[in-house]
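*Asks:* Sequence plus predicted model, see below.
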Amino acid sequence: MKQTLSDNGKNFKMLHTKIRNFKNSLRDVHSYYSKEYLQRYIDEYFFRFNRSISDFKYSSYR
């Protein structure tokens with residue numbers, strides 16, 4: 001396996017975007033968060049993200 005340098009995020013743009021969006025949602029939704037519940041916060045974020053994508057897909061067929 002060969003490691004590829006990130007080139008300031010250009011190689012992993014979508015990953016950096018998801019991380020940034022998660023951080024912003026964490027700041028917006030929760031006034032306090034702890035490491036103990038970090039996996040729950042991540043699960044909630046991706047649940048909402050997946051719901052928004054599926055709602056968008058199905059709304060375009062109407």
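*Replies:* Sure, I can see it.
*Asks:* State the helix or strand in which Q39 lies.
*Replies:* Using DSSP states H and E, Q39 falls within helix 38-59.
*Asks:* roughly how far apart are the residue nearest the centre of the chain and K10?
*Replies:* The residue lying closest to the centre of the chain (C-alpha atoms, centre = their mean) is K18, at 3.8 Å. For K18, the distance to K10 (C-beta to C-beta, to the nearest Å) stands at 15 Å. All C-beta spots, glycine's among them, are computed from the backbone N, C-alpha and C.
*Asks:* swap in S34?
*Replies:* From S34 to K10 the distance is 33 Å (C-beta to C-beta).
*Asks:* So Y32: helix, strand or coil?
*Replies:* For Y32, the assignment made with DSSP: H, G, I helix; E, B strand; the rest coil gives coil.
*Asks:* What number of residues are in the vicinity of it?
*Replies:* Residues near Y32, counting by other C-beta atoms under 10 Å, number 4.
*Asks:* who touches I42 in this structure?
*Replies:* Neighbouring residues of I42 by C-beta atoms under 8 Å, 6 or more residues apart in numbering: F22.
*Asks:* Show me which positions of the helix or strand of the chain with the lowest mean pLDDT end up buried.
*Replies:* Least confident helix or strand of the chain, by mean pLDDT, DSSP states H and E, is helix 38-59 with a mean of 80. Neighbour counts over helix 38-59 (16 or more other C-beta atoms under 10 Å) mark Y41, Y45 as buried.
*Asks:* for that helix, the distance to its chain's centre please.
*Replies:* In this view, helix 38-59 has its centroid 9 Å away from the chain centroid, taken as C-alpha atoms, centre = their mean, to the nearest Å.
*Asks:* mind saving the C-alpha coords of stretch 45-56 as PDB?
*Replies:* C-alpha atoms of stretch 45-56 as PDB (Å, rounded to 0.1, in the frame of the first residue of the first chain):
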ATOM      1  CA  TYR A  45     -25.500  13.300  11.700                       C
ATOM      2  CA  PHE A  46     -25.300  10.500   9.000                       C
ATOM      3  CA  PHE A  47     -28.900   9.500   9.700                       C
ATOM      4  CA  ARG A  48     -30.000  13.100   9.000                       C
ATOM      5  CA  PHE A  49     -27.700  13.200   6.000                       C
ATOM      6  CA  ASN A  50     -29.000  10.000   4.500                       C
ATOM      7  CA  ARG A  51     -32.600  11.100   5.100                       C
ATOM      8  CA  SER A  52     -32.000  14.300   3.300                       C
ATOM      9  CA  ILE A  53     -30.400  12.500   0.300                       C
ATOM     10  CA  SER A  54     -33.300  10.000   0.100                       C
ATOM     11  CA  ASP A  55     -35.900  12.700   0.400                       C
ATOM     12  CA  PHE A  56     -34.200  14.600  -2.400                       C
END
